[in-house]
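Novice: Please find the sequence and the predicted model below.
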Amino acid sequence: MRVDAKDMGTDLKEVLITKEEIDAKLAELAAKIDAEYAGKDLLIVGVLKGAVMVMADLARALSTPVTMDWMAVSSYGAGTQSSGVVRILKDLDTDIKGKHVLIVEDIIDSGLTLSWLLSNLGSREPASLKVCTLLRKPEAAKVAIDVEWVGFDIPNEFVVGYGLDYAEKYRNLPFVGTLAPHVYGG
Ligand SMILES: O=P(O)(O)OC[C@H]1O[C@H](OP(=O)(O)OP(=O)(O)O)[C@H](O)[C@@H]1O
Ligand SMILES: Nc1nc2[nH]cnc2c(=O)[nH]1
């Protein structure tokens with residue numbers, strides 16, 4: 001079923017990516033990730049809170065048996081601009097030395113969060129460290145990052161839904177959409 005922005009009240013401007021498009025893309029990415037990690041032990045690391053939905057759906061689309069861990073970092077607070085200062089709110093429960101690690105993100109915007117994460121997790125000497133993100137904003141990049149698996153490149157607009165929030169709201173929307181300007185004072 002296609003859900004339109006108008007069904008979700010007046011806060012939303014438009015639906016950018018539907019649940020059906022997300023499901024199809026995650027199946028495509030999962031097949032590539034399965035091929036990459038065939039015969040290997042894979043730890044997928046979800047970056048809280050935004051990656052909860054993509055982590056849950058990607059994990060179920062994978063055939064590769066995985067273990068899962070979570071890291072919580074924040075660089076956005078309640079606003080729509082990255083502060084650039086990354087704080088660890090929750091570290092991994094496991095030692096990743098010698099493990100194949102796949103970071104699962106909902107979005108790469110400025111790239112500052114991921115750049116910091118790659119450096120932080122890379123220093124723990126994993127056997128490999130790669131990234132899968134559902135969304136990326138090429139026009140917003142402040143640092144160049146090599147990302148193996150990207151679901152959708154999107155325009156440089158603040159998006160919500162499918163894990164992504166504005167002031168902690170809208171994470172449970174099943175699609176990715178943009179907000180009407182009045183919501184964030186535009
Ligand atoms: O590329 P960047 O500009 O660094 O932005 C990307 C980061 O921003 C979001 O997290 P946020 O800090 O909003 O926390 P949240 O996942 O808990 O909402 C998102 O989940 C990424 O981790
Ligand atoms: N909700 C949300 N969080 C983000 N973090 C970085 N970019 C975004 C975005 O466009 N939307």
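Specialist: Happy to help now that I have it. Numbers count the residues shown, from 1 in each chain. Ligands and ions are numbered 1, 2, ... in the order given.
Novice: Which neighbours in the sheet does the helix or strand bottoming out on mean pLDDT in the chain have, and how are they oriented?
Specialist: In the chain, the helix or strand scored least confidently by mean pLDDT, DSSP states H and E is strand 87-90, which has a mean of 92. Here strand 87-90 has these sheet partners by DSSP bridges: strand 66-74 (antiparallel).
Novice: follow-up on the earlier one: strand 66-74 and whichever helix or strand comes after the least confident helix or strand of the chain, what's the angle between them?
Specialist: Downstream of strand 87-90, the first helix or strand assigned by DSSP states H and E is strand 100-108. Here strand 100-108 runs at an angle of 40 degrees relative to strand 66-74 (axes from the mean of the first three to the mean of the last three C-alpha atoms, to 10 degrees).
Novice: tell me what strand 100-108 is packed against?
Specialist: strand 42-48, helix 52-61, helix 112-122, strand 128-136 (3 or more C-beta pairs under 8 Å, 6 or more residues apart in numbering; DSSP states H and E). Backbone N, C-alpha and C define where each C-beta goes, glycine included.
Novice: List the buried residues in the lengthiest helix in the chain.
Specialist: For the chain, the longest helix by residue count, based on DSSP state H, is helix 19-36. Applying a neighbour-count criterion of 16 or more other C-beta atoms under 10 Å, one finds 19, 21-22, 25-26, 29-30, 33, 36 buried in helix 19-36.
Novice: who's in contact with the residue positioned nearest the centre of the chain?
Specialist: Most central in the chain under C-alpha atoms, centre = their mean is D106, positioned 1.3 Å from the mean C-alpha point. Neighbouring residues of D106 by C-beta atoms under 8 Å, 6 or more residues apart in numbering: 47, 50-51, 53-54, 133-135, 162-164.
Novice: Before I go, just wanted to say thanks for your time.
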